[in-house]
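*Asks:* Sequence first, predicted model second:
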Amino acid sequence: AYFGFMMATFSTLNMVAAPCSDEGFASKNTIFDSVLYALLATGIAWLVDTISAPEEASSLAYSELVKLWSRIETAVRELLDPTMEKYTFPGDDIDALINNATRLAAEAELEPRFWRPNWRG
C-alpha cells in the first residue's frame, strides 16, 4: 500500500507542476528512481529505529512487578523460616521496587497500543 502511494505521489508531481506537454515531463526512470530512493530511505530509517529502540515501558513495568513480587515472596519465606535467628524486613528494597513499577506503569499508559489491549496499571 505504501509503495502504491509513493508511486502515485511521485508520478503526479510533474503533472501538477508543469502544463500538459511533453517537454519538461520526467521520464519513467526518474520517477522510479525517486520512489526507490524514498523507499530505501524509509526502510533504512525503520531498520535503525527497530534496532536501536529501547524496551517498551510496559515490558519494563511488568518485569519490575515480577521483581517486586519475587522480593516480597523471599521476604515472607525468610520471615516464616524457623531457622532464622534475626529477621530484618527489606522495606527499602520493596519501596524502591514499588516506586519504579509505579513510574514505569505511568509511562506505559502513554504508549501507543494499537494492537494490544490498554495498559491496566
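*Replies:* Structure received. Numbers count the residues shown, from 1 in each chain.

*Asks:* which residue is nearest the centroid of this protein?
*Replies:* For the chain, Glu56 is the residue whose C-alpha lies nearest the centre (CA atoms, centre = their mean; 5.3 Å).

*Asks:* Excluding chain neighbours, give the residue nearest to it in space.
*Replies:* What sits nearest to Glu56 in space, not counting adjacent residues and going by CB to CB, 6 or more residues apart in numbering, is Glu111, at 6.3 Å. All C-beta atoms are positioned from the backbone trio N, CA, C, and that covers glycine.

*Asks:* just the helices in this structure please.
*Replies:* Remark: helices assigned in the chain by DSSP state H are 2-17, 28-52, 57-80, 91-108.

*Asks:* Out of the ones you listed, flag the one nearest Trp115.
*Replies:* Closest approach to Trp115 among the helices of the chain (CB to CB): helix 57-80, 12.8 Å.

*Asks:* I'd like to know how many residues surround Trp115.
*Replies:* 5 (other CB atoms under 10 Å).

*Asks:* can you tell me which residues contact it?
*Replies:* Contact analysis of Trp115 by CB atoms under 8 Å, 6 or more residues apart in numbering lists nothing.

*Asks:* and the gap between it and Leu79?
*Replies:* In this structure, Trp115 and Leu79 are 42 Å apart, going by CB to CB, to the nearest Å.

*Asks:* Save the helices of the chain as a markdown table, and put in mean neighbour count and mean pLDDT too.
*Replies:* Output for the helices of the chain, formatted as a markdown table (neighbours: other CB atoms under 10 Å; pLDDT from 0 to 100):
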| stretch | mean neighbour count | mean pLDDT |
| --- | --- | --- |
| helix 2-17 | 12 | 61 |
| helix 28-52 | 11 | 79 |
| helix 57-80 | 14 | 92 |
| helix 91-108 | 15 | 92 |
